[in-house]
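Asks: next input, structure requested:
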Amino acid sequence: MGVTELGKLIPDSIRKVVDFNQLSNRVIALDAYNALYQFLASIRQPDGTPLMDSKGRITSHLSGLLYRTINLLENRIWPVYVFDGKPPEEKAIEIARRKRVREEALDKWVRMIEEGRRDEARKYAQRALFLTDDMVEDAKKLLKLMGIPVVQAMADGEAQAAVIARENKAWAAGSQDYDSLLFGAPRLVRNLTVTGRRKLPNRDEYVEVKPEIIELNDVLKTLKLKDRVQLIDLAVILGTDLNPDGVPGIGPQKALKLVQEFGGLEKLLQGPLKNVQFPTDPLKIRDYFLNPPHNPNYKIEFGQPDERGIIDFLVREHDFNEERVRNAIERLKKAMSKRRESTLDSFFG
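Replies: Numbering: from 1, shown residues only. Below you'll find the predicted structure:
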């Protein structure tokens with residue numbers, strides 16, 4: 001879910017919509033789970049059924065990883081995929097909610113298919129998304145065979161991606177969610193793995209989706225917040241994965257005014273919010289965003305594509321079309337050669 005309500009306060013004026021070439025020679029630390037769920041949602045058959053191999057194993061995420069990653073590389077964008085570790089205990093409520101939503105959507109999807117209502121079925125199929133441990137391990141294996149860096153986070157992948165960006169080992173964090181800003185990423189790149197034409201929900205219309213850059217300092221300045229602590233406090237009031245419901249009855253504009261007027265949670269908890277029952281101590285939630293558990297020993301190393309390994313994995317094991325995979329590998333090798341032509345200094349600055 002992320003901090004969706006916070007996004008409503010970020011005006012279009014500070015969302016810098018860009019083309020791929022404006023991100024050229026940049027390393028982007030991508031929230032891998034976020035990207036994989038995007039692939040699962042978008043790469044499906046007409047009735048919403050995901051792509052599968054002959055053994056019934058889902059492969060939509062592998063198709064997305066292969067072709068979207070190559071597309072980034074061909075534009076000299078160097079992705080680092082950051083995978084989630086063990087979720088914090090405080091996130092249990094949100095995880096349970098997501099599981100319940102997916103189970104309900106799965107039941108409705110199956111019923112729609114049985115009733116022959118395939119157009120409606122696709123809507124529920126997209127809500128029934130889930131990643132298994134095997135799917136995640138397959139994703140990591142493919143990326144390593146492609147020569148793409150994989151970083152394992154201790155907890156939130158988004159937190160780890162933000163740390164990588166904060167330490168100037170990546171130019172930005174990449175995700176659809178806004179949590180990266182709370183975790184301190186100096187800039188967030190959205191829509192990196194979902195660019196292209198996208199169908200509007202319940203309408204026969206399409207919109208063009210391009211990457212957009214959101215700078216943390218621009219957000220703080222526009223919202224008239226003095227620092228990231230106040231931004232986190234604002235998000236806690238609106239709701240985060242650690243307190244999904246936020247404070248009932250308080251919308252984005254009112255929450256912003258409260259933070260601006262009272263300065264932060266300490267005074268708010270003694271005043272307007274003193275009777276609010278939070279599922280988790282809001283000051284602990286703030287501290288989690290300020291000091292998230294992360295892997296300090298990560299490495300970012302691009303390697304050479306393993307042509308035979310990719311073919312064995314995708315074609316022999318998962319029934320991908322061999323000609324298409326070989327063509328993709330040629331594109332991959334050519335794109336990776338561009339990386340060697342670029343200077344390391346240009347990756348991060």
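
Asks: A strand includes residue 28, no?
Replies: Yes - looking at residue 28 with DSSP: H, G, I helix; E, B strand; the rest coil, it is inside a strand.

Asks: how much space separates it from residue 303?
Replies: 18 Å (CB to CB, to the nearest Å). Every residue, glycine included, has its C-beta placed from N, CA and C.

Asks: give me the more crowded residue out of those two.
Replies: Taking neighbours as other CB atoms under 10 Å, residue 28 and residue 303 compare with residue 28 leading, 25 against 12.

Asks: how about the nearest residue to that one, chain neighbours excluded?
Replies: residue 174 (4.4 Å; CB to CB, 6 or more residues apart in numbering).

Asks: was I right about that neighbour contacting residue 191?
Replies: No - checked against CB atoms under 8 Å, the pair residue 174 and residue 191 is beyond contact range at 9.1 Å.

Asks: neighbour-wise, which of those two wins?
Replies: residue 174 (34 against 19).

Asks: distance across stretch 71-83, terminal residue to terminal residue?
Replies: 20 Å (CA to CA, to the nearest Å).

Asks: doesn't residue 162 belong to a strand?
Replies: No - Residue 162: not assigned to a strand; according to three-state DSSP it is helix.

Asks: and it, how many neighbours does it have?
Replies: Considering only other CB under 10 Å, residue 162 is surrounded by 31 other residues.

Asks: any idea how far it is from residue 220?
Replies: 15 Å.

Asks: quick one: which helix or strand includes residue 221?
Replies: Residue 221 belongs to helix 216-222 when assigned by DSSP states H and E.

Asks: buried set for that helix?
Replies: 216, 218-220 (16 or more other CB atoms under 10 Å).

Asks: again, but for stretch 130-149
Replies: By neighbour count on 16+ other CB under 10 Å, the buried set for stretch 130-149 is 131, 135-136, 138-143, 145-149.

Asks: what sits against the nearest residue to residue 271 once chain neighbours are set aside?
Replies: Excluding the flanking residues, the one nearest residue 271 by CB to CB, 6+ apart is residue 262, at 6.3 Å. When contacts are counted by CB atoms under 8 Å, 6 or more residues apart in numbering, residue 262 touches 268, 271-272.

Asks: picking that back up, how much space separates the residue nearest to residue 28 from residue 35?
Replies: Taken as CB to CB, the span from residue 174 to residue 35 is 8 Å.

Asks: I appreciate the help and will end here.
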